[in-house]
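> Sequence plus predicted model, see below.
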Amino acid sequence: MRPNSLIELDRDHLIHPVISWKGHEARGATVLQSAQGATLTDAEGHTLLDGFSGLWCVNVGYGHESIVEAAAEQMRRLPYATGYFHFSSEPAIRLAARLAELAPGDLNHVYFTLGGSDAVDSAVRFIRYYYNVTGRPTKKHMIALERGYHGSSTVGAGLTAIPAFHDGFDAPTPLQHHIPSPYPYRNPAGDDDAVVIAASVAALKAKVEELGADNVAAFFAEPIQGSGGVIVPPDGWLTAMREAARDLDILFVADEVITGFGRTGPLFGCEHDGVVPDLMTTAKGLTSGYSPMGAVLMSDRIYRAIADHAPAGKPIGHGFTYSAHPVSAAVGLEVLRLYTEGGILENGRRAGARFTAGLERLADHPLVGDVRVRGLLAGVELVTDKAKRTKPSPDLGISGHLARFGYKNGVIFRAFADDIVGFAPPLCCTDEDIDTLLARFEQTLNDVLDLADVRAALA
């Protein structure tokens, strides 16, 4: 079928996530056709270096035949098995055990979902159930960070703190609250590490005091805030927030949907600060995007409390048809093998060091105000005045120009609406891939800078 025919079918029938529907009708789709390693090819034959791993997820890169074979073999043997009624399957059992082995601390119990949004939704339901059956039913309020992203489910969208996910959706609910992001580059308290950490701890304590400690259930945080602009907190921030949550008698939930599976260097982002949360949500890199799957990892303490306090013989009423899907589990097992035995995790660390050094060299570019990076996760914030950290006027349409020039130059990244560029290249990237990505991004910055209205704004 000709690409134009596909574009018309897409326009007429396929609803896309997180875009203007009318805007998409006018623009039409970019149809991706094939991929290998870190490179995508569209239906017109245009090749693109994928600096965003699909949607933060294709961590091992495209085209791994061993993953395809694992899925195909499982489909031939047992394409589906329910997890209801005490049924199980070998891949799901082995994947849960392997995750428990690799996860921090006592996160030894795994509930499988279809992705990140329903992992967060499941965590919320488990937390509510936990407090109800342990005799603290007033603990219902949940706190997250401004600029945080915790999915777009009916519940998770309220913990998310990005306006597009609230506007018109009646979110957040009265039980969902937010405290300021650490955001060192634009923190009102200043960018000193100790000051940023102290401000976040004080904000969490103040919010719990405002709501009443007996009413607050949990605090949700990403080790690095992804969709909010790749906000990298200071070293020690996660530890301080975890300790504050423990002191306040609220659960600490680490959302590792983006940061998990080597994205920031270690297998899990929590390991950077040595933190063990009460619950951890994952997805994306779990199967490297080859098949839908997410997971909630639960500590021994929380699991035991629910198991022992739930009404005897009564089902705990939360479940999905495709939870612990055997094909996705088989894919997850092979992806984990590639991380740990196939050299992908170690290659990601090497590529991350080269990527960090290259991005930091771009800090002198006239448009670049801040470069923040950990491993292969990065944000580059653009400004029109470095000294004053002035954000570009919305009239300049910087994000649209970035996406347009980036595509022309053969590189994919995330051009956030507030003039922040997000990167999450695959962990399989070679030195040449990293150097090409950086060169094409620099060319894209120069193309934007060459626009008359942009150059005038800098003057």
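Great, that's in hand. Being a predicted model, the structure only gives us computed values, none of them experimental.

> where does stretch 279-286 sit relative to the chain's centre, distance-wise?
Centre-to-centre, stretch 279-286 and its host chain are 9 Å apart (Cα atoms, centre = their mean, to the nearest Å).

> hang on, I meant stretch 289-301
Counting by Cα atoms, centre = their mean, stretch 289-301 is centred 13 Å from the centre of its parent chain.

> next one: stretch 41-48
That offset, for stretch 41-48, works out to 26 Å (Cα atoms, centre = their mean).

> Could you do stretch 407-423 as well?
With Cα atoms, centre = their mean, you get 16 Å for stretch 407-423.

> quick one: low-confidence ranges for the stretch 101-250 of the chain?
Across the stretch 101-250 of the chain, not a single residue meets the criterion (pLDDT under 70).

> Strands of that one, start to end?
In the stretch 101-250 of the chain, the strands defined using DSSP state E, counting those that start in this stretch lie at 109-113, 141-145, 176-179, 216-221.

> who touches the second one?
Applying Cβ atoms under 8 Å, 6 or more residues apart in numbering, the external contacts of strand 141-145 come out as 124, 127, 150, 159-161, 175-182, 204, 207-208, 211, 215-222, 225, 228, 250. C-beta coordinates here come from the backbone N, C-alpha and C atoms, glycine included.

> any idea how far the residue found closest to residue 28 once you drop the neighbours it is linked to in the chain is from residue 316?
Leaving aside its sequence neighbours, residue 28 sits nearest to residue 7 (Cβ to Cβ, 6 or more residues apart in numbering; 4.6 Å). The gap separating residue 7 from residue 316 is 46 Å, by Cβ to Cβ, to the nearest Å.

> coming back round to it: which one of the strands of the stretch 101-250 of the chain lies nearest to residue 89?
Nearest of the strands of the stretch 101-250 of the chain to residue 89, taken as Cβ to Cβ: strand 109-113 at 10.9 Å.

> In CSV, list the C-alpha atoms belonging to that closest one.
Taking Å, rounded to 0.1, in the frame of the first residue of the first chain, the C-alpha atoms of strand 109-113 are listed here in CSV:
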residue,chain,number,x,y,z
HIS,A,109,6.7,-9.6,45.0
VAL,A,110,5.6,-8.7,41.4
TYR,A,111,2.2,-7.9,40.0
PHE,A,112,2.3,-7.7,36.2
THR,A,113,0.4,-5.0,34.2
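
> May I have the strands that pair with that strand, each with its orientation?
strand 294-298 (antiparallel) (DSSP bridges).

> From the chain's centroid, how far away is the helix or strand following the partner strand?
Using DSSP states H and E, the helix or strand that follows strand 294-298 towards the C-terminus is helix 300-309. What separates the centre of helix 300-309 from the centre of its chain is 28 Å, taken as Cα atoms, centre = their mean.

> Mean confidence (pLDDT) on helix 300-309, please.
When pLDDT is averaged over helix 300-309, the result is 98.

> helices or strands next to it in the packing?
Packed against helix 300-309 by the contact rule (3 or more Cβ pairs under 8 Å, 6 or more residues apart in numbering; DSSP states H and E) you find helix 116-133.

> can you pull the contacts of residue 226?
Residues counted as contacts of residue 226 (Cβ under 8 Å, 6+ apart) are 56, 149, 257-259, 377, 422.

> Out of those, which is nearest to residue 386?
residue 422 (20.3 Å).

> if we can go back for a sec, mind putting the strands of the stretch 101-250 of the chain into CSV with mean neighbour count?
Converted to CSV, those look like this (neighbours: other Cβ atoms under 10 Å):
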stretch, mean neighbour count
strand 109-113, 23
strand 141-145, 25
strand 176-179, 21
strand 216-221, 26
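
> closest to residue 306 out of those strands?
strand 109-113 (9.4 Å).

> Just the residues contacting stretch 177-194, thanks.
So stretch 177-194 is contacted by 141-148, 161, 172, 195-200, 203-204, 206-207, 211, 225, 228-229, 231-237, 369-370, 372, 381, 389 (Cβ under 8 Å, 6+ apart).

> If anything else comes up later, I'll come back, but that's it for now.
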